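1. Return atomic coordinates for the entry below.
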Amino acid sequence: MVKKILVALDDSENAMRAVEYVADHFTTDHRITLISVLQDVATLCKLESPELTPHFISQQTSFCALEDEKRKLVENAQQKAKALLIEKGFDQNNITIKIESKKRSVAKDIANEAADGYDVIVIGRRGLTGLKEFFMGSVSHKILNLAKDVSVLIVN
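-> This next block holds a predicted model:
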């Protein structure tokens with residue numbers, strides 16, 4: 001039975017370990033979607049308002065260039081993940097890549113995507129310290145709590 005797997009991916013080592021886990025532990029007939037949710041900075045980068053502080057306006061170009069670089073890093077990570085899955089025998093036609101701008105929050109957007117008929121979400125565990133995780137929460141922990149009718153696999 002073919003299952004749909006949603007792999008949450010950023011440019012971290014933890015995310016790549018999640019892809020490696022899928023490649024090593026799932027059969028190659030599964031359909032896999034590699035999803036990355038990025039901060040929506042396009043609006044901010046195009047914002048021209050007299051209320052903006054002069055400091056922000058002077059740094060706006062640099063800020064937007066950093067976001068462009070982050071997108072490139074995520075795109076490269078997705079291509080690397082796809083290549084790894086293909087190398088392990090997965091059919092490239094069964095691998096979908098999605099990059100989406102954040103609508104609500106990264107965790108909510110991933111959980112919403114998963115509600116579209118996926119059988120499992122696979123995500124790497126972020127290495128936050130106990131204190132940071134207590135106050136901020138991790139994306140993986142939030143997805144675990146938000147996901148309905150879909151299993152969540154957190155890869156260490």
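
2. Show me the shaky parts of this structure.
-> Applying pLDDT under 70 to the chain flags the ranges 1-2, 40-66, 127-137.

3. how about the strands in it?
-> 4-8, 31-38, 95-101, 120-124, 151-155 (DSSP state E).

4. Make TSV from these and add distance to K82 to it.
-> C-beta here means a position set from N, CA and C on the backbone, and glycine is covered the same way. Shown next, in TSV, are the strands of the chain (distance: least, Cβ to Cβ, whole Å):
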stretch	distance to K82
strand 4-8	10
strand 31-38	7
strand 95-101	5
strand 120-124	15
strand 151-155	18
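
5. From L6, how far off is E20?
-> According to Cβ to Cβ, to the nearest Å, E20 and L6 sit 16 Å apart.

6. would you turn the strands of the chain into JSON lines with mean neighbour count and distance to G89?
-> Formatted as JSON lines, the strands of the chain follow (neighbours: other Cβ atoms under 10 Å; distance: least, Cβ to Cβ, whole Å):
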{"stretch": "strand 4-8", "mean neighbour count": "24", "distance to G89": "15"}
{"stretch": "strand 31-38", "mean neighbour count": "22", "distance to G89": "12"}
{"stretch": "strand 95-101", "mean neighbour count": "15", "distance to G89": "12"}
{"stretch": "strand 120-124", "mean neighbour count": "24", "distance to G89": "17"}
{"stretch": "strand 151-155", "mean neighbour count": "17", "distance to G89": "19"}
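
7. Lovely, talk soon.
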